[in-house]
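sequence-free structure coming up:
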């Protein structure tokens with residue numbers, strides 16, 4: 001009975017490695033992209049147990065498949081481990097006029113205490129602050145930020161997709177855009193560093209995968225944003241992307257956009273769920289063009305949200321373009337990107353499922 005139970009558990013775990021390999025946007029498949037680190041640990045524990053029962057029927061098969069599962073998860077997760085090579089080099093310049101400090105956070109619309117966030121932003125004093133899930137109450141509670149920052153773009157919504165941007169840098173332009181639908185807005189802005197260099201800043205918060213809702217909107221929006229920014233000279237895309245860095249969707253976004261991920265080679269910097277030490281994933285991201293190097297990358301203390309804030313300091317160093325490489329978009333990846341966009345036009349693709 002014990003052998004049967006162990007092999008049954010092993011079978012379920014093995015399925016969690018192979019099922020997400022399916023090239024579909026079904027929510028119950030794509031959710032498997034998230035807990036790759038946790039699953040990797042589970043495979044290792046299960047493999048040790050199975051190793052003590054190799055004389056039992058099918059145990060060797062299970063052990064072999066568990067090893068294959070470990071390899072699959074390591075393939076996706078390894079680039080984000082501190083032992084992997086950097087995708088973004090450490091900053092070489094000390095010129096403060098070329099530096100850009102950004103703080104981004106999902107505030108959690110139902111979080112009624114804005115004081116922790118306001119204090120954090122005050123102490124961090126970033127050049128740019130991007131917030132997701134702001135409704136009208138949050139905008140009113142964030143009044144101190146309008147005093148701290150000279151420029152702001154606020155688009156509150158009651159559907160958990162409100163978004164806001166605050167900055168003390170010169171705001172050359174800024175608009176709220178709907179890449180997929182009006183109820184899921186983004187902010188497309190141009191800011192000017194103290195050095196005078198202009199940077200395009202694209203803040204996003206695409207739709208998450210959840211029971212009854214596939215990843216069609218999220219995948220399509222990230223591809224559309226990637227296409228939109230690809231030819232920009234200096235660009236940063238950031239926000240709660242409702243996806244982990246090691247998923248095929250985020251990988252495709254990088255290939256389409258040509259942007260770099262400063263997390264790679266530095267660590268996971270998991271931001272969600274802030275209320276769990278075990279089930280925590282990196283959902284809040286910042287990607288940038290090749291003319292930036294990274295000064296620092298940190299998750300910040302809790303603010304009462306289910307997300308931890310993310311702080312990134314970049315250094316604009318144009319010479320970095322010659323030494324940093326963006327992921328390549330080959331013909332197969334281009335077809336996948338086109339398919340993700342075309343899926344948005346399918347009947348019902350943009351419908352919102354009814355909530356209980």
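Sure, I can see it. Small disclaimer: the values here were computed from a predicted structure and weren't measured.

going forward, measure contacts and count neighbours with C-alpha atoms only.
OK.

which residues touch the closest residue to residue 83 other than its chain neighbours?
In this structure, residue 83 finds its nearest non-sequential neighbour in residue 265, 6.3 Å apart by C-alpha to C-alpha, 6 or more residues apart in numbering. Going by C-alpha atoms under 8 Å, 6 or more residues apart in numbering, residue 265 touches 79, 80, 81, 82, 83, 84, 85, 86, 87.

And the buried ones among those, selectable in ChimeraX?
Buried subset of those, written as a ChimeraX selection, criterion 16 or more other C-alpha atoms under 10 Å:
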select :79,80,81,86,87
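
In a markdown table, list the contacts of residue 265 along with distance to residue 253 and secondary structure.
Shown next, in a markdown table, are the contacts of residue 265 (distance: C-alpha to C-alpha, whole Å; DSSP: H, G, I helix; E, B strand; the rest coil):
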| residue | distance to residue 253 | secondary structure |
| --- | --- | --- |
| 79 | 16 | helix |
| 80 | 16 | helix |
| 81 | 20 | coil |
| 82 | 22 | coil |
| 83 | 24 | coil |
| 84 | 21 | coil |
| 85 | 20 | coil |
| 86 | 18 | coil |
| 87 | 15 | coil |
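
Out of the contacts of residue 265, flag the one nearest to residue 115.
residue 80 (32.6 Å; C-alpha to C-alpha).

show me the contacts for the nearest residue to residue 134 once chain neighbours are set aside.
Nearest non-adjacent residue to residue 134, counting by C-alpha to C-alpha, 6+ apart: residue 162, 4.6 Å away. For residue 162, the contacting residues are 132, 133, 134, 135, 155, 156, 184, 185, by C-alpha under 8 Å, 6+ apart.

Would you check that the fifth one makes contact with residue 164?
Just to be clear, that refers to residue 155. Yes - counting by C-alpha atoms under 8 Å, residue 155 does reach residue 164; the two are 5.9 Å apart.

Touching both of those two, which residues are there?
In contact with both residue 155 and residue 164: residue 134, using C-alpha under 8 Å, 6+ apart.

hang on, the earlier thing: helix or strand for the residue nearest to residue 83, just tell me which one.
Assigned by DSSP states H and E, residue 265 belongs to no helix or strand.

Ok, residue 60 next?
Using DSSP H and E, residue 60 falls in helix 59-77.

Okay, domains of this structure per the record?
2-80, 96-339 (automatic domain parsing).

So what's the gap between the longest one and the chain middle?
So the one you mean is domain 96-339. 8 Å (C-alpha atoms, centre = their mean, to the nearest Å).

for the record, mean pLDDT for it?
Mean per-residue pLDDT for domain 96-339: 96.

got it, and the shortest one?
This predicted structure assigns domain 2-80 an average pLDDT of 93.

the strands in the stretch 251-356 of the chain, which residues?
Listed in chain order, the strands of the stretch 251-356 of the chain (DSSP state E, counting those that start in this stretch) span 284-288, 292-299, 310-316.
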